[in-house]
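Asks: Okay, here's the prediction I keep looking at, along with the sequence it came from:
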Amino acid sequence: STNPTDPIIAALTSKCNSGEVANLDFLDSRWNGNEVFKYTAENGEFFVKMNREKDVSMFASEVESLNTLAKSGAVTVPEALHVGELAARVGVGP
């Protein structure tokens, strides 16, 4: 949903300064519960990775690893803008 009351949209606008979100695309779902979405917004494209089964600490560890890779300068990595929990929802995807 691109509804401003959706918790993902709220996080994108308040924590990531996305501006108005116009579109979302479902990109992938993995065996481990990870789901990936691309949100197209006023201030760019934002990729959202979420997992309903794992503790948020899994993503905090992933951000730490991405930051370490970025500091090395050896490869280009995405910048994590926010890690947090969302309210429980029914169904797949946001």
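Replies: Structure's in. What do you need?

Asks: how much space between the residue nearest to Val63 when sequence neighbours are not counted and Gly73?
Replies: Leaving aside its chain neighbours, Val63 sits nearest to Ala80 (4.2 Å; criterion: Cβ to Cβ, 6 or more residues apart in numbering). Glycine gets a C-beta too; all of them are placed from N, C-alpha and C. With distances taken as Cβ to Cβ, to the nearest Å, Ala80 is found 17 Å from Gly73.

Asks: which residues sit against stretch 42-54?
Replies: Residues outside stretch 42-54 that contact it (Cβ atoms under 8 Å, 6 or more residues apart in numbering) are 8, 12, 16-22, 27, 32-39, 58-59, 78, 81, 86, 88, 94.

Asks: can you give me the strands in this structure?
Replies: Remark: strands assigned in the chain by DSSP state E are 21-29, 34-41, 44-51.

Asks: Point out the most buried one among these.
Replies: strand 34-41 (a mean of 17; mean count of other Cβ atoms under 10 Å).

Asks: Would you mind giving both backbone torsions of Trp31?
Replies: phi -60, psi -30 (degrees, to the nearest 10).

Asks: since we're on it, how many residues are nearby?
Replies: A count of nearby residues for Trp31, using other Cβ atoms under 10 Å, gives 5.
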